[in-house]
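Trainee: task: produce atomic coordinates for the following.
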Amino acid sequence: MGLGLESNMKTLDLDFVRSQFPAFSEPSLEGFAHFENAGGSFACWQTIDWLDRYYRQTKVQPYYDFAPSAKAGLQMDAAKERMAAWLNVGQDELHFGPSSSQNTYVIAQALRRYLKPGDEVIVTSQDHEANSGALSRLNDEGFVVREWKVDPDTADLNSKDLEALLSPRTRVVAFTHCSNVVGTINPVRELTDLIHRAGAWAFVDGVAFSPHGMPDVQALGADLYFFSMYKVYGPYLGAMFLRRELNAQLPNQGHFFNAGKPGSRFTPAGPDHAQIAAVNGVMDYMDAVADHHGLSGQPVQARAAAVRSLFRDHETGLLQPLLDFLSSHPKVKLIGRVKAAQRAPTVAFTAAGHRSGELASRLGKLKFGVGVGNFYASRLLKALDIDTDDGALRTSFVHYTSRQEVDRLIAALDTLL
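Mentor: Prediction:
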């Protein structure tokens, strides 16, 4: 493996993991199974404690020279430093904004001033609207927006189709690490290398992927990578990696007097200070998982890689039986691939003879939380010939989900279908 982790790697201790989330001991949630994690995960107790402590002790303007203010600033700086190290990026390359949609909107505004008439931007029909929508509107400014279409039979993005779209005028290609509907994990490094050879920037939406293990962003080769903290056990906040070189080239979107500050140029509407500090809670949780699984003393990147593997192995083991059930059911049209190793545990489908909304409601009465609708990916559903008004039913889970919960879901679906 090359990381010296062979003796430390083991099966995820699910009892320990679930003990870190207050939702699993909350009386009002007894018997409830959360299968809409793609819309927002449970918060770990560390995140909740950080929010509570910040609002009680340091709810003042940060970075002044009086004690609670200075402490607040230090907490915010520590959050950025710790998460940047886990993602393997520079602290000055990590930005927190009010949401991922807001972060991408700000970048699109910067591109409006940077691009020249006739420059080309490529978006996909597989993405969440946050990544494709703001960039698609650049077409109104005289720039050329091309769509990299999914295969309507497989819902996959094919690299050959991207190659056919790339041209000397391509400046940006935006695509998703993992669709919040399709679930297929795209070959990000292969695609970013292709994009860079064409002389363009690669913008990657990691919102649906990061809950399953925040990635080594440097290894992915992305120029911009973003995800949502509230889907990674944290507060409602958008995290965005912006490569230094890209930061320097795009025009400032913040206050004019912050033009020389890389960390302030693309957050014109700063997020809640307490939420930034609470990112420490997410990192406390990740560190707790690493330490509990015998990784104390390892370098941060080794710890991050090991935790990603623990999460991935557990999730993949739970996912395959669900995929087997859905892909073999005569009424079900499963979206995406049937092999758990090729996708995240975000599983959307339609069922013949059942409205998705009705089926989701019936599951809700059985204490299953599932998603239903277009999931801000209406372009994708249209491409797959799915009714965007009713949409698809989506079941999604993360590493704290148990086999018993997945077995219960399969049994409930079998009965309802």
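Trainee: residues contacting V300?
Mentor: Contacts for V300 (CB atoms under 8 Å, 6 or more residues apart in numbering) come out as 85-86. The way it works is simple: take the backbone N, C-alpha and C, and place the C-beta from them, glycine included.
Trainee: can you pull the pLDDT of it?
Mentor: pLDDT, V300: 97.
Trainee: for Q46, same thing?
Mentor: Confidence score, pLDDT, at Q46: 98.
Trainee: give me phi/psi at V372?
Mentor: phi -150, psi 140 (degrees, to the nearest 10).
Trainee: next, the closest residue to it other than its chain neighbours: secondary structure please.
Mentor: Nearest non-adjacent residue to V372, counting by CB to CB, 6 or more residues apart in numbering: A360, 3.8 Å away. Put simply, A360 is helix when judged by DSSP: H, G, I helix; E, B strand; the rest coil.
Trainee: ok, A360 - contacts?
Mentor: Contacts for A360 (CB under 8 Å, 6+ apart) come out as 370-372, 393.
Trainee: so how far is T176 from it?
Mentor: As defined by CB to CB, to the nearest Å, A360 lies at a distance of 23 Å from T176.
Trainee: helices and strands of this protein: which one has the lowest mean pLDDT?
Mentor: Using mean pLDDT, DSSP states H and E, the weakest-scoring helix or strand in the chain turns out to be helix 129-136, at a mean of 81.
Trainee: who are the packing partners of that one?
Mentor: Applying 3 or more CB pairs under 8 Å, 6 or more residues apart in numbering; DSSP states H and E, we find helix 129-136 packed against helix 100-114, strand 120-124, strand 170-176, strand 201-205, helix 378-383.
Trainee: I'd like the next helix or strand past it.
Mentor: Using DSSP states H and E, the helix or strand that follows helix 129-136 towards the C-terminus is strand 144-148.
Trainee: parallel or antiparallel, list what pairs with that next one.
Mentor: Using DSSP bridges, strand 144-148 pairs in its sheet with strand 120-124 (parallel).
Trainee: from the chain's centre, how far out does the strand it pairs with sit?
Mentor: Strand 120-124 sits 20 Å away from the centroid of its parent chain (CA atoms, centre = their mean, to the nearest Å).
Trainee: what's the closest of the helices and strands packed on helix 129-136 to L242?
Mentor: Closest approach to L242 among the helices and strands packed on helix 129-136 is made by helix 100-114 (7.9 Å; CB to CB).
Trainee: now do that closest one, average pLDDT.
Mentor: Across helix 100-114, pLDDT averages out at 92.
Trainee: now the strands for the chain?
Mentor: Using DSSP state E, the strands assigned to the chain run over residues 33-35, 94-97, 120-124, 144-148, 170-176, 201-205, 224-228, 238-242, 332-334, 346-351, 368-373, 392-396.
Trainee: can I get those in a markdown table with distance to D13, mean pLDDT and mean neighbour count?
Mentor: As requested, the strands of the chain are arranged in a markdown table below (distance: least, CB to CB, whole Å; pLDDT from 0 to 100; neighbours: other CB atoms under 10 Å):
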| stretch | distance to D13 | mean pLDDT | mean neighbour count |
| --- | --- | --- | --- |
| strand 33-35 | 19 | 98 | 23 |
| strand 94-97 | 29 | 95 | 23 |
| strand 120-124 | 38 | 95 | 24 |
| strand 144-148 | 41 | 94 | 18 |
| strand 170-176 | 31 | 96 | 25 |
| strand 201-205 | 31 | 97 | 26 |
| strand 224-228 | 25 | 96 | 27 |
| strand 238-242 | 27 | 96 | 25 |
| strand 332-334 | 31 | 97 | 18 |
| strand 346-351 | 24 | 96 | 25 |
| strand 368-373 | 24 | 96 | 21 |
| strand 392-396 | 22 | 96 | 26 |
